[in-house]
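S.K.: give me a model of this one.
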Amino acid sequence: MLRVSAIIPLVLILALIVACPPASAEQAHPINPSTCLQCHGEKISPATFASSVHGKNSCTSCHISVVDVDKHASGAIPPQKVQCVRCHKKETAEHYASVHMLNSINCSDCHSDIHAVTSWKKDTRKVIEKCQQCHDQEASDFLQSSHGKSLMAGNQDSPSCNDCHGLHEIKPRGEENTAQNTQFHSMACMKCHSDEKMMKRNGVFTLAVETYEESYHGKNYRLGYPELVAGCADCHTAHLVLPTSDPRSSISSENLVKTCQKCHAKATTLFTKFHSHGDPSNREKFPILYWTLISMSALLAGTFAVFWVHTILWMFRGFVENRQKQAALENRHSEVAVADGHKQYRRFSRLHIFLHLLVITSFLGLALTGLPLKFSSQDWARVMMDMMGGTANAGLLHRICAVITFVYFSIAIVMSLRFLFIRKDIPGNWFQRLFGPDSLFPNMRDIRDITGMVRWFLFKGPKPTFERWTYWEKFDFLAVFWGMFAIGGSGLMLWFPEFFGSFLPGWVFNVATIVHSDEALLATGFIFTVHFFNTHGRPEKFPMDFVIFNGQISKHEFMEERRDQWQRYEEAGMTEKFAAKKSSGIIYDFLIKGFGFIALFIGIILLFLIIYAILTGGMG
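M.R.: Prediction:
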């Protein structure tokens, strides 16, 4: 039971309410709409209002300031501006941040028939009718387009204004040629065209988004720099989207050159043969792209299969050999130490060292700027691109490194010609020099060395005693020639598309893209796995072979690694000709070794990023 002390306050509050009623009894009850219609019936149809979306509300639900009919009728209470936000909070919040709000376009400007408005029931044709009131030209173009015709025929899969621009949160497109503006040109289209089920049921090409994202344009878009490339609307237009068969289409044969020339001023009819949405997996429609991809994939798989097996076998056999050497030392059964074993001999000249540094610098630069583009869907790719200041800066650095590559390749060509035809210290004619022991060109000895190495791997024979160049070094050297043809040639085509497009059909750029991308992946993968191991990672050289930086090798290493070369020089009495006059300096060694380890570290990091991208489906 309640105590008396608890009841008394409740009684006092009730008495106070009875003694002090509201200022107006009418304020406690909403005004009947029929009362309002006595005066406003000529403008507002009772039947129309009753069937509208607001028909269940009373007049004062919106006109809340009208609390006294008599005072309102006399003008003492004028109607105040209706606050739609009272019921439509979400829509108002979206509209507040919209471009309409910035241009003083309010709710009633679009919803002018507020007393007769009925539910749109998601029929987006009604959106067109509404937007057309202000945007007549855009609406006219849209209604003539493939999208508009399909929509007006009743296909609700077809986009309407709101699908691209939104209903209430209509954001500014931004200034021309800005990231915000150009991103919108593609983002609006990708929402629908990435929906494969929707595209299939409407008979539309299902790979439009995928093929765009795999193009140079799409990769820039994914990396966050859409303003540098063409978006969907740049080629297809924003509203008058028509099939190629329509002569009014921006991508029809009559207009395609003009469309391409918006970005590529010197584009020709041949240039337009480029397959903007070429699908290399489609053998029937794009046979050249298909077989190019198959060939490059086979080259990648075959090269890595052979050399990775070679690397794994060498890694294990070298590990065993090192243990055997250690055991021999411990048991004092090792061979007699080589006399003057630590004496230094010159293996590479200063020019060779300089070329090595050019190769390392340019290759890492190309890898750092190219791999983010190759794997543009990866988060790490966007981070790397941002660190370089964007794709424009990365592109500039990539081309600078490409020029360096052409420079050292040209020097190598000149050195090769000099070796064959000019030098006097090499015996024989050019043919004998080409297949001689000092040549980097393969010969019959390399076959014997390969066979001997395989036998050594399998514990079937001794390790071969090599001449000046091993078979894997010759492969590395000749790979540069193939790389310059494949990567360099395709890179030049992509660098100067207007020039090459003036006399070559545009589909060569599709081929060049596949070749450049896959060959670059082959080169980076090979260098960071096979070459790194052959040069630095093998047990007898780990963690680094310093000879490529100072050009010097000890007599002990010389005799152990290239015994046949040493014996040939000894028989010719020319070993001292290659003796180093002095060892490289401490400061030089410190700095250059630091550079070498940094380069090696960067390469290993990039290798792990490549592996991660492949395992997570980030190939592009």
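S.K.: which element, helix or strand, includes residue 292?
M.R.: helix 287-330 (DSSP states H and E).
S.K.: in terms of secondary structure, what does that helix contact?
M.R.: helix 444-457, helix 507-526 (3 or more CB pairs under 8 Å, 6 or more residues apart in numbering; DSSP states H and E). Where C-beta positions appear, they are placed from N, C-alpha and C, glycine not excepted.
S.K.: distance between it and the chain's centre?
M.R.: 29 Å (CA atoms, centre = their mean, to the nearest Å).
S.K.: just after it, pick out the following helix or strand.
M.R.: Following helix 287-330 in sequence, per DSSP H and E, is strand 344-346.
S.K.: buried sites along the next helix or strand along the chain from that next one?
M.R.: With elements assigned by DSSP H and E, the helix or strand that comes after strand 344-346 is helix 350-374. Buried residues in helix 350-374, counted by 16 or more other CB atoms under 10 Å: 353, 355-374.
S.K.: list of residues touching the following helix or strand past helix 350-374?
M.R.: Once the chain leaves helix 350-374, the next helix or strand it forms, by DSSP H and E, is helix 379-387. Outside helix 379-387, the residues that touch it by CB atoms under 8 Å, 6 or more residues apart in numbering are 222-225, 368, 371-373, 375-376, 391, 394, 609, 612-613.
S.K.: buried ones in the helix or strand where residue 412 lies?
M.R.: Residue 412 is part of helix 391-421, with elements assigned from DSSP H and E. Within helix 391-421, the residues that qualify as buried are 391, 394-395, 397-398, 401-402, 404-405, 408-409, 412, 416, 419-420, counting by 16+ other CB under 10 Å.
S.K.: of those, closest to residue 104?
M.R.: Of all the buried residues of helix 391-421, residue 104 sits closest to residue 391, with 38.6 Å by CB to CB.
S.K.: for the closest one, what are its contacts?
M.R.: Per CB under 8 Å, 6+ apart, neighbours of residue 391: 220, 223, 225, 228, 373, 385.
S.K.: circling back to that earlier point, the helix holding residue 412 versus helix 379-387: what angle between them?
M.R.: 90 degrees (axes from the mean of the first three to the mean of the last three CA atoms, to 10 degrees).
S.K.: can you give me the strands for this structure?
M.R.: Along the chain, counting by DSSP state E, strands occupy 344-346, 552-554.
S.K.: how close does the residue nearest the centre of the chain sit to residue 215?
M.R.: Among the residues of the chain, the one closest to the centroid is residue 376, at 1.7 Å (CA atoms, centre = their mean). Residue 376 sits 10 Å away from residue 215, going by CB to CB, to the nearest Å.
S.K.: for the record, mean pLDDT for the helix holding residue 412?
M.R.: Helix 391-421 shows a mean pLDDT of 97 in the predicted model.
S.K.: ok, now stretch 137-145?
M.R.: 94.
S.K.: got it, and stretch 188-207?
M.R.: Mean predicted confidence for stretch 188-207 is 93.
S.K.: stretch 351-370 now?
M.R.: 96.
S.K.: ok, stretch 156-163 next?
M.R.: 92.
S.K.: and that stretch, how far out from the chain middle?
M.R.: For stretch 156-163, the distance to the chain centre is 29 Å (CA atoms, centre = their mean).
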